[in-house]
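# the sequence and its predicted three-dimensional model are supplied below.
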Amino acid sequence: MILEVLAEHRTGITLTTLSQVIGLPKTSLLTLLRVLESSGYVAVKDLRYYLGPFGYRLGALISSTFDAVNVFQPTLRDLSAKTQETVMLGFLDRYSKMCSYLEIVQPDVPVRYVPSIGARRPLYCTAAGRAFLFSGRSVLDDYLATATLTRHSPNTVTSKSDLRALAKTAQKVGYATNMGETNTTTGAVSAPIYDKAMTIEYCVIVAGPLDRIRQRLKHIANATLTAGRDMSGKLGYSGAYPPPKSEGH
């Protein structure tokens, strides 16, 4: 939040104003600012705070990430046309352990799922998040070691053992699902996108009204898998899709 506000105030901002905008006490905010300043993300001059050199570098890294949107755009549009549902490109934020939406393609239908670009979602109860978590046992184990599984709807899976069972199924079929777990009206299917090193930074998601997703799950899942395979190929991955999982992978 600090970096976002500083990026919006190119002429700098005082501690008092920054405290009011973010909603943090000055003492807590000052501690965070000192850490960010020592690492180059924040600069201070004449009692005004600015985005530092590493803050701009972070912006450049984010900008390069968004090049993926251009690479994947044709496949995203094709998938939306085939499924007549909303299609999203998900990105794994490893620091916050959340999934965010980089791109959204909407179908021309009257009733559809309408998310926002940049929206962040938990990993454990979303199809997108599970596409990342279910990539391997160690990934899921690391996440569950510290995660708090909060109930978002009556359908939310909050049992870690149940989540592990879902992981085995998802690894076998190659895609993850969410059937009314973040809210009671929406369903989604997601497939991971592998790069040539078999690292997963992105996933492709199809989402829509729950009943519609359930009724057409096989068709949507097959289309999502085909898109995941195509997008993985664009990142240099040439192996089997989904790749076979070893016990520790």
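Cool, the structure landed.
# residue 87: how many residues sit nearby?
Using other CB atoms under 10 Å, the number of residues around residue 87 comes to 28. Every residue, glycine included, has its C-beta placed from N, CA and C.
# so which elements touch the helix or strand that it is a member of?
When elements are assigned from DSSP states H and E, residue 87 belongs to strand 86-93. Of the remaining helices and strands, those touching strand 86-93 by 3 or more CB pairs under 8 Å, 6 or more residues apart in numbering; DSSP states H and E are helix 67-83, strand 98-105, helix 127-133, strand 200-209.
# report the angle between the axes of the last one and strand 98-105?
Angle, strand 200-209 to strand 98-105, by axes from the mean of the first three to the mean of the last three CA atoms, to 10 degrees: 60 degrees.
# okay, buried residues for the strand holding residue 87 please.
86, 87, 88, 89, 90, 91, 92 (16 or more other CB atoms under 10 Å).
# now swap in stretch 101-112 and tell me
Along stretch 101-112, these residues count as buried under the neighbour rule (16+ other CB under 10 Å): 101, 102, 103, 104, 105, 107, 112.
# so what's the first one up against?
It refers to residue 101. The contact partners of residue 101, by CB atoms under 8 Å, 6 or more residues apart in numbering, come to 88, 89, 90, 91, 115, 116, 117, 118, 119, 121, 128.
# ok, 6 Å please
The contact partners of residue 101, by CB atoms under 6 Å, 6 or more residues apart in numbering, come to 88, 115, 117, 119.
# hmm, residue 105 and residue 77 touching each other?
Yes: counting by CB atoms under 6 Å, residue 77 touches residue 105, with 5.4 Å between them.
# many thanks, we can stop here.
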